[in-house]
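Participant: Pasting a predicted model and its sequence here:
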Amino acid sequence: MALARCSARRVVRLSCGRHVQSIHLLSLLRMTLEPSAYLPDRPRPAWFGLALSTLFLALIVTALFGAFRKPGEEPPTFENRQVAQAPQWPQTRAALSDYPARFERFFDDRFGLRAPLVKLDHFAKAVVFGVSPVSKVLIGKSGWLYFKGEDSKALDRWYRGIDPLSDSQIVALREELLKRNAFLDSRGIAFLVVIVPEKYSVYPEFLPEWATASKDGTTSLDRIAADLAKYPELHFIDLRAPLQVAKGRERVYYQTDSHWNYLGAMVGYTEVMDEAMRLVPGLSMAPAVRPPYVAGVDYYGGDLAQMLGLPKELQEDDIAPLGKILATPQTRCAQLEITAETDLEIYVNRCADASRYTALVYRDSNAIPLIPMLAENFARSTFVSSAQINPALVDRLKPDIVIEEMVERSLASPAALPMR
């Protein structure tokens, strides 16, 4: 061996020339193994083993008895799903092979202390370590939460430029909107498309450092807006600019929710009505009323905090409480009309003191704070929770204007749900 051929010295050498750290061989040879005094083997009390066994058994029994909770009990609300049902006893060989997996899902939903343990896990990850335990929620800076989309890819697709909309998708969107516009124009009905931007399009400064914008700074919405601008017959409102201006005065999006707040909706309302009044001569705009805010009383934990399972732990000042608007319909002219279609996500408001004009609004959840404001301007306003325009409904209602409101990440929906 190379080491054996080297001369005997106090320093061990490898390959006769390359020094490594000095090792005093005599000290090594004289070392003896002695019992460690760090953790002496002290006798434990007689009750120690019994207590440990009892604790272990109690935990096992608690987990087992959880499986016998009442059948209607649901998982924590933030999981947004139904509890797994007890599997039927297998009657066939195929059912027998699938039974263990189905029983495991059933038991996993019911073991004792599941809810507090899951919540503790989410709290530790989100609050202590700043890591989201939910793929759809992104934890940003200064308490800001962001929605990554139903498929957890909206941030990449619409902000970071990863897998953006293709040119063909943008063409398909444009063609569908032009088709809708032509259909409505043939009936003398004005058409207005309104895009509510994602929170990260208005507040990118609170995103984590790694969540950078696309390399060339151009987003899919930029490309869509540039494409639609070539068709003046199509009236299209991009709310990014007015919201970015307004955020310099007050917060226009919730920190813990995926939606804009009432102040942001007020900005959108002004832009929508300004354009609607140009399209429908004689239409006027009712003033928007800001709800009162009581410091130390009005707090809000939004849908993103709910997804994390921490709606009480992650709260913010609700500077314009939408709940106060929704709770006082008697203070407004427009009143909800209960019809057979109400349960089908079609809501009709009537306002006797408003203009003679009527509106049909296709909308998503961002329109919830818009509805009380918009409805004040029309004798009848119909709000439909859908991205697909129904010609039969249009012909039945004969509105003066159709407004299609959608959030930025849903801009591919019109092409996917063509007018039927």
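Facilitator: In hand now; what should we look at? Numbers count the residues shown, from 1 in each chain.

Participant: and the helix or strand harbouring Glu275, C-alpha only, in CSV?
Facilitator: Glu275 belongs to helix 262-279 when assigned by DSSP states H and E. C-alpha atoms of helix 262-279 as CSV (Å, rounded to 0.1, in the frame of the first residue of the first chain):
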residue,chain,number,x,y,z
TYR,A,262,-65.7,47.2,-2.3
LEU,A,263,-63.4,50.1,-3.1
GLY,A,264,-61.9,48.3,-6.1
ALA,A,265,-65.5,47.4,-7.2
MET,A,266,-66.4,51.1,-7.0
VAL,A,267,-63.5,51.9,-9.3
GLY,A,268,-64.8,49.3,-11.7
TYR,A,269,-68.4,50.5,-11.4
THR,A,270,-67.4,54.0,-12.5
GLU,A,271,-65.5,52.8,-15.5
VAL,A,272,-68.3,50.4,-16.5
MET,A,273,-71.0,53.1,-16.2
ASP,A,274,-69.0,55.7,-18.0
GLU,A,275,-68.8,53.4,-21.0
ALA,A,276,-72.4,52.2,-20.7
MET,A,277,-73.6,55.8,-20.8
ARG,A,278,-71.8,56.3,-24.1
LEU,A,279,-73.3,53.1,-25.5
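
Participant: next SSE after that helix?
Facilitator: Downstream of helix 262-279, the first helix or strand assigned by DSSP H and E is strand 299-300.

Participant: Now that next one: average pLDDT?
Facilitator: In this model, strand 299-300 has a mean pLDDT of 96.

Participant: strand partners of it, parallel vs antiparallel please.
Facilitator: According to DSSP bridges, strand 299-300 forms sheet pairs with strand 316-317 (antiparallel).

Participant: so how many other residues sit close to Phe106?
Facilitator: 15 (other CB atoms under 10 Å). C-beta: built from backbone N, CA, C; applies to glycine.

Participant: actually Phe103, not the one I wrote
Facilitator: Residues near Phe103, counting by other CB under 10 Å: 15.

Participant: a strand runs through Gln255, doesn't it?
Facilitator: No: counting by DSSP: H, G, I helix; E, B strand; the rest coil, Gln255 is not part of a strand but coil.

Participant: Could you verify my assumption that it touches Gly143?
Facilitator: Yes: with contact defined as CB atoms under 8 Å, Gln255 and Gly143 form a contacting pair (5.5 Å).

Participant: any shared contact partners between these two?
Facilitator: Here Gln255 and Gly143 share the contacting residues Glu316, scored by CB atoms under 8 Å, 6 or more residues apart in numbering.

Participant: When those two are compared, which one has more neighbours?
Facilitator: Shown here are Gln255 and Gly143; by other CB under 10 Å, Gln255 has more neighbours (24 against 12).

Participant: Might you report the residue contacts of that one?
Facilitator: Counting by CB under 8 Å, 6+ apart, Gln255 touches Gly143, Trp144, Leu145, Gly302, Glu316.

Participant: The same query, at a cut-off of 10 Å, please.
Facilitator: Listed by CB atoms under 10 Å, 6 or more residues apart in numbering, the contact partners of Gln255 are 140, 142-146, 199, 203, 206, 261, 300-302, 304-305, 314-317.

Participant: Quick one: list the elements packing against the helix holding Glu275.
Facilitator: When contacts are defined as 3 or more CB pairs under 10 Å, 6 or more residues apart in numbering; DSSP states H and E, helix 262-279 packs onto strand 190-196, strand 235-238, helix 240-246, helix 322-326, helix 371-374, strand 401-407.

Participant: Show me which positions of it end up buried.
Facilitator: Using 16 or more other CB atoms under 10 Å as the test for burial, helix 262-279 gives 262-273, 275-276.

Participant: now do stretch 347-365
Facilitator: 347-351, 354, 357-364.

Participant: Could you give the bridge partners of Val193?
Facilitator: Here Val193, judged by DSSP bridges, has bridge partners Phe236, Glu404.

Participant: Could you dump the helices and strands packed on helix 262-279 into CSV and include mean neighbour count?
Facilitator: As requested, those are arranged in CSV below (neighbours: other CB atoms under 10 Å):
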stretch, mean neighbour count
strand 190-196, 23
strand 235-238, 20
helix 240-246, 16
helix 322-326, 16
helix 371-374, 24
strand 401-407, 23
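
Participant: Tell me which of those approaches Ile338 most closely.
Facilitator: When these are compared by CB to CB, helix 371-374 sits nearest Ile338, at 15.2 Å.

Participant: Just list the residues touching the spatially most central residue of the chain, thanks.
Facilitator: By CA atoms, centre = their mean, the chain has its centre lying nearest to Phe147, at 3.3 Å. Contacts for Phe147 (CB under 10 Å, 6+ apart) come out as 136-138, 154-155, 198-200, 257-259, 302-304, 307, 407, 409.

Participant: That one and Thr54, how far apart?
Facilitator: Distance of Phe147 to Thr54, given as CB to CB, to the nearest Å: 46 Å.

Participant: Check Arg420 too.
Facilitator: Computed as CB to CB, the Arg420 to Thr54 distance reads 66 Å.

Participant: Got phi/psi on the residue nearest to Pro208 when sequence neighbours are not counted?
Facilitator: Nearest residue to Pro208, sequence neighbours excluded (CB to CB, 6 or more residues apart in numbering): Gly140, at 6.0 Å. With angles defined as degrees, to the nearest 10, Gly140 sits at phi -100, psi -160.

Participant: returning to that earlier point: tell me the predicted confidence for the residue nearest to the centre of the chain.
Facilitator: With respect to pLDDT, Phe147 has a value of 98.

Participant: can you tell me how far it sits from Asp257?
Facilitator: 8 Å.

Participant: Would you map the strands across this protein?
Facilitator: For the chain, applying DSSP state E gives strands covering 13-14, 18-19, 137-139, 145-147, 190-196, 235-238, 299-300, 316-317, 335-337, 346-350, 358-363, 380-385, 401-407.

Participant: Show me how the record splits the protein into domains.
Facilitator: Domain ranges of the chain: 75-111, 137-416, per automatic domain parsing.

Participant: Can you tell me which of those domains has the worst average pLDDT?
Facilitator: Across the domains of the chain, domain 75-111 has the smallest mean pLDDT, namely a mean of 70.

Participant: what about Arg420 and Thr54, which has more around it?
Facilitator: Taking other CB under 10 Å, Arg420 and Thr54 do not tie; Thr54 has more neighbours (11 against 8).

Participant: Show the pLDDT at that one.
Facilitator: Listed pLDDT for Thr54 reads 85.

Participant: start the count at 402, not 1, going forward
Facilitator: All right, first residue 402 from here; so that's Thr455.
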